[in-house]
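> Predicted coordinates and the sequence they were generated for:
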Amino acid sequence: MSAKKLFEIMVGLLAYLLITLLWFFYAVPSMWESGTEAALIGAFAGSMLWLAGTASSIVYIIQRARP
């Protein structure tokens, strides 16, 4: 594996980790605390979007790994 490809993978993993941590430890708790209906719907919708993105990424990686 070339250094460029390894760098791209590591930057992608870092971006995914940062987005996940920011969403679940910063954005969602503040939405829960506000308690408005719109904030709760936003927290749910954002979490489902994160879940769909994660599942799509896993499927993409599995398909690319096949010879």
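Noted; the coordinates are in hand. Numbering: from 1, shown residues only.

> Quick check: which helices or strands does the helix-or-strand element of the chain with minimal mean pLDDT pack against?
For the chain, the helix or strand with the lowest mean confidence is helix 28-34, at a mean of 90 (criterion: mean pLDDT, DSSP states H and E). For helix 28-34, the packing partners by 3 or more C-beta pairs under 8 Å, 6 or more residues apart in numbering; DSSP states H and E come out as helix 37-65. In this view, the C-beta of every residue, glycine as well, is placed from N, C-alpha and C.

> Where does the prediction get shaky in this protein?
67 (pLDDT under 70).

> circling back: chain center to the least confident helix or strand of the chain, what's the gap?
Put simply, helix 28-34 sits 18 Å off its chain's centre (C-alpha atoms, centre = their mean, to the nearest Å).

> now do stretch 56-67
Centroid separation for stretch 56-67 versus its chain: 16 Å, with C-alpha atoms, centre = their mean.

> Can you mark which positions in it are buried?
For stretch 56-67, the neighbour count (16 or more other C-beta atoms under 10 Å) marks no residue as buried.

> same check, this time on stretch 40-49
residue 43.

> Now the least confident helix or strand of the chain - C-alpha only, PDB.
Provided in PDB are the C-alpha atoms of helix 28-34 (Å, rounded to 0.1, in the frame of the first residue of the first chain):
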ATOM      1  CA  VAL A  28     -27.000  15.600  20.800                       C
ATOM      2  CA  PRO A  29     -26.700  16.300  24.500                       C
ATOM      3  CA  SER A  30     -27.400  20.000  24.000                       C
ATOM      4  CA  MET A  31     -30.500  19.100  21.900                       C
ATOM      5  CA  TRP A  32     -31.700  16.800  24.600                       C
ATOM      6  CA  GLU A  33     -31.300  19.600  27.300                       C
ATOM      7  CA  SER A  34     -33.300  22.100  25.300                       C
END
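
> got the contact list for it?
Helix 28-34 is contacted from outside by 39-40, 42-43, 46-47, using C-beta atoms under 8 Å, 6 or more residues apart in numbering.

> TSV please, covering those and showing distance to residue 8.
TSV is the format used below for the contacts of helix 28-34 (distance: C-beta to C-beta, whole Å):
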residue	distance to residue 8
39	35
40	37
42	31
43	31
46	26
47	27
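
> Right, I'll leave it there.
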